[in-house]
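J.: Prediction below, plus the sequence it came from.
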Amino acid sequence: MIYLTRRAEFSASHYYHNPAFSPEENLRIFGKCNNPHGHGHNYTLEVTVAGEVDGSTGMVLNIKDLKRLLETEVLDPMDHKFLNKEVPVFRATIPTTENIAIDIWRRLVPKLTFGKLYRVRLYETPDLYVDYYGD
């Protein structure tokens, strides 16, 4: 089994807010991240696909196909967006790094026609990342 990873970067803004919490509780739990005007991050995304090497091409997949998939399913809908307001899933889900990684997985799995999605790793900062290995 070969594991091939593609890296991409995008920028997005968001805020953390749970409508079931009081304003005080939201502020206590989420702190500055509860500011309704939002704040931004420069995310680094790594998507790992597992598979066997195709004898006729010598590749698990054509990396251009994975790049195109990331552009259409992740970068175009999320890059330079206010996630809470412009990405439908995050109107009802708090856009934490964990939830963004889960959403990216769910966007990619049905569209991946080569290999098997193995891992989504999303860096929020250089020293904080989330690994997601599927549902």
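T.: Structure's in. What do you need?
J.: Now do the SS call for residue 49.
T.: Per DSSP: H, G, I helix; E, B strand; the rest coil, the secondary structure class of residue 49 is strand.
J.: I'd say it and residue 62 touch.
T.: No. Applying Cβ atoms under 8 Å as the test, residue 49 and residue 62 come out as separate, 11.1 Å apart. For every residue, glycine as well, the C-beta is placed using N, CA and C.
J.: what residues are shared contacts of these two?
T.: Taking Cβ atoms under 8 Å, 6 or more residues apart in numbering as the contact rule, residue 49 and residue 62 both touch residue 114.
J.: which one of these two has more residues nearby?
T.: residue 49 (23 against 12; other Cβ atoms under 10 Å).
J.: if I look at the more buried one, how far off is residue 87?
T.: 23 Å (Cβ to Cβ, to the nearest Å).
J.: Kindly report the same for residue 57.
T.: Going from residue 57 to residue 87 by Cβ to Cβ gives 35 Å.
J.: ok now do residue 15, which residues does it touch?
T.: Taking Cβ under 8 Å, 6+ apart as the test, what residue 15 contacts is 30, 33, 34, 35, 36, 37, 38, 39, 84.
J.: I misspoke; the intended subject was residue 43.
T.: Counting by Cβ under 8 Å, 6+ apart, residue 43 touches 9, 10, 11, 12, 100, 122, 123, 124.
J.: Could you list everything it pairs with in the sheet?
T.: residue 10 (DSSP bridges).
J.: Next one, pLDDT for it please.
T.: Here the pLDDT value assigned to residue 43 is 97.
J.: Look up how far residue 61 lies from it.
T.: Relative to residue 61, residue 43 is positioned 23 Å away (Cβ to Cβ).
J.: and the longest helix along the chain, C-alpha only, in PDB?
T.: In the chain, ranked by residue count with DSSP state H as the criterion, the top helix is helix 97-108. Output of helix 97-108 as PDB, limited to C-alpha atoms (Å, rounded to 0.1, in the frame of the first residue of the first chain):
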ATOM      1  CA  THR A  97     -10.700  23.000  13.000                       C
ATOM      2  CA  GLU A  98     -12.200  19.600  13.900                       C
ATOM      3  CA  ASN A  99     -15.500  20.200  12.100                       C
ATOM      4  CA  ILE A 100     -13.800  21.700   9.100                       C
ATOM      5  CA  ALA A 101     -11.600  18.600   8.700                       C
ATOM      6  CA  ILE A 102     -14.800  16.400   9.000                       C
ATOM      7  CA  ASP A 103     -16.500  18.500   6.400                       C
ATOM      8  CA  ILE A 104     -13.600  18.300   4.000                       C
ATOM      9  CA  TRP A 105     -13.600  14.500   4.400                       C
ATOM     10  CA  ARG A 106     -17.300  14.300   3.600                       C
ATOM     11  CA  ARG A 107     -16.800  16.500   0.600                       C
ATOM     12  CA  LEU A 108     -14.000  14.400  -0.800                       C
END
